[in-house]
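*Asks:* Sequence first, then the predicted structure:
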Amino acid sequence: MLPIIFIVPIVQLLILSYTATFEIKNTRLVVVDQDHSQGSRELVFHFESSSFFKIVARQQNYEQAAEWLKNGDADQLIVIGTDFGKAIETNQPTKVLLVTDAINGSAASLMSAYAQQVIQGFNKNILAKRVPFKTNKGNLTAEPLFWFNPKLDYITYMVPGILVLLVTIIGFFLSGMNIVKEKELGTIEQINVTPIKKWQFITGKLLPFWLIALFELVFGLGIAKVVFNIPFLGSFPLLLGVAAVYLLVVLAMGLLVSTITDTMQQSMFISWFFLVIFILMSGLFTPIESMPDWAQWFNKINPIAYFITINRMIMLKGSGFSDFAGLFYALAGYAALMLVLAVNRYKKVV
């Protein structure tokens with residue numbers, strides 16, 4: 001139990017923060033340069049200079065390059081026609097063919113967008129060489145500003161959500177195996193004949209794991225700061241206060257599962273069933289706004305979605321209580337409901 005409580009969350013935080021990302025890097029690119037001109041070589045150089053692409057092969061024709069895509073040895077291929085360099089020199093419009101492996105639709109969209117950005121950058125360089133002294137005073141330009149994550153670092157976005165995920169898994173599973181373990185050992189009957197009240201029994205089963213989960217969160221915040229340099233702009237006591245209420249929801253749900261199951265195996269299966277749904281729909285990996293309407297409505301009963309939003313707001317935006325008061329009150333009501341259900345579902349003689 002001790003390795004599960006202390007070692008597993010650390011390992012998961014360190015691994016998931018680096019690997020749970022939608023950033024596309026080192027896209028395997030096959031180049032078909034049928035022109036071999038100065039212009040085509042410059043375009044290929046732009047792809048070579050980008051961190052998003054890695055040229056794995058250069059082929060003479062489209063059919064040979066397509067085999068790399070079919071065999072899964074490449075992710076993308078670019079075909080530069082024979083008249084590319086001449087068109088560039090004579091200021092004539094020209095095109096290149098960009099073929100992407102789109103089995104993973106979201107990844108294909110990103111790879112295509114990155115490739116088009118490289119091509120647009122090449123096009124701007126060509127225009128600058130032709131008219132080096134041209135000014136753009138009459139053109140409308142936009143200056144982008146990125147708040148709360150200026151470097152657009154995906155780890156900064158993911159770590160606060162992963163922290164919520166870790167304390168949720170630990171709290172849910174440990175509390176979910178609590179009472180059912182007493183049933184398997186046969187000690188639940190001895191507890192049932194004691195004069196202890198049901199709410200006292202539930203409190204005794206919940207409080208240790210509540211403190212452990214809070215410790216896990218604080219420890220994880222320390223790792224996030226030391227290892228990943230994640231900013232913490234908000235109030236630490238405020239985050240702990242919200243986490244304390246959120247953990248009541250998670251632990252009470254785990255205890256509720258523990259009261260309705262007879263074996264630890266049943267408890268783990270039911271806990272994992274709910275956790276998988278809650279985690280995948282929480283907004284950790286996919287924005288909730290991009291989900292269908294029915295999924296967004298379902299997330300109104302998903303406590304993980306509430307706390308991930310609040311945690312990101314406090315850590316990255318420095319938000320105060322008034323900024324997420326509605327979400328907090330929903331969590332508080334959720335906690336009260338789950339505690340009442342857990343206490344009432346526990347059957348006791350006295």
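*Replies:* Cool, the structure landed. Numbering: from 1, shown residues only.
*Asks:* what sits against residue 237?
*Replies:* Contact analysis of residue 237 by CB atoms under 8 Å, 6 or more residues apart in numbering lists nothing. Every C-beta, even on glycine, is put in place using the N, C-alpha and C of the backbone.
*Asks:* likewise the one 5 residues further on?
*Replies:* Going by CB under 8 Å, 6+ apart, residue 242 touches 307, 310-311, 314, 328, 331.
*Asks:* Do a quick rundown of the strands in the stretch 51-200 of the chain.
*Replies:* Assigned by DSSP state E, counting those that start in this stretch, the strands in the stretch 51-200 of the chain fall at 53-59, 76-80, 96-100.
*Asks:* same for the first one, what does it pack against?
*Replies:* Applying 3 or more CB pairs under 8 Å, 6 or more residues apart in numbering; DSSP states H and E, we find strand 53-59 packed against strand 27-33, helix 38-49, helix 62-70, helix 105-130.
*Asks:* show me where pLDDT drops low in the protein?
*Replies:* 1-2, 4-5, 19-23, 106, 129-145, 347-350 (pLDDT under 70).
*Asks:* tell me the domain boundaries of it?
*Replies:* Per the record, the chain has its domains at 25-130, 152-345, by automatic domain parsing.
*Asks:* Tell me which of those sits most buried.
*Replies:* A comparison of the domains of the chain by mean neighbour count, using mean count of other CB atoms under 10 Å, puts domain 152-345 on top with a mean of 18.
*Asks:* Just the terminal-to-terminal distance for that one.
*Replies:* From its first residue to its last, domain 152-345 covers 47 Å (CA to CA, to the nearest Å).
*Asks:* next one: stretch 29-42
*Replies:* Where stretch 29-42 begins and where it ends lie 16 Å apart, using CA to CA.
*Asks:* residues making contact with that stretch?
*Replies:* Contacts of stretch 29-42 (CB under 8 Å, 6+ apart): 44, 47, 53-62, 64-65, 68-69, 74-86, 88-89, 122, 125-126.
*Asks:* what about 6 Å?
*Replies:* With contacts defined as CB atoms under 6 Å, 6 or more residues apart in numbering, stretch 29-42 is touched by 44, 53, 55, 57-59, 62, 65, 68, 74, 76-82, 84-85, 88.
*Asks:* Right, I'll leave it there.
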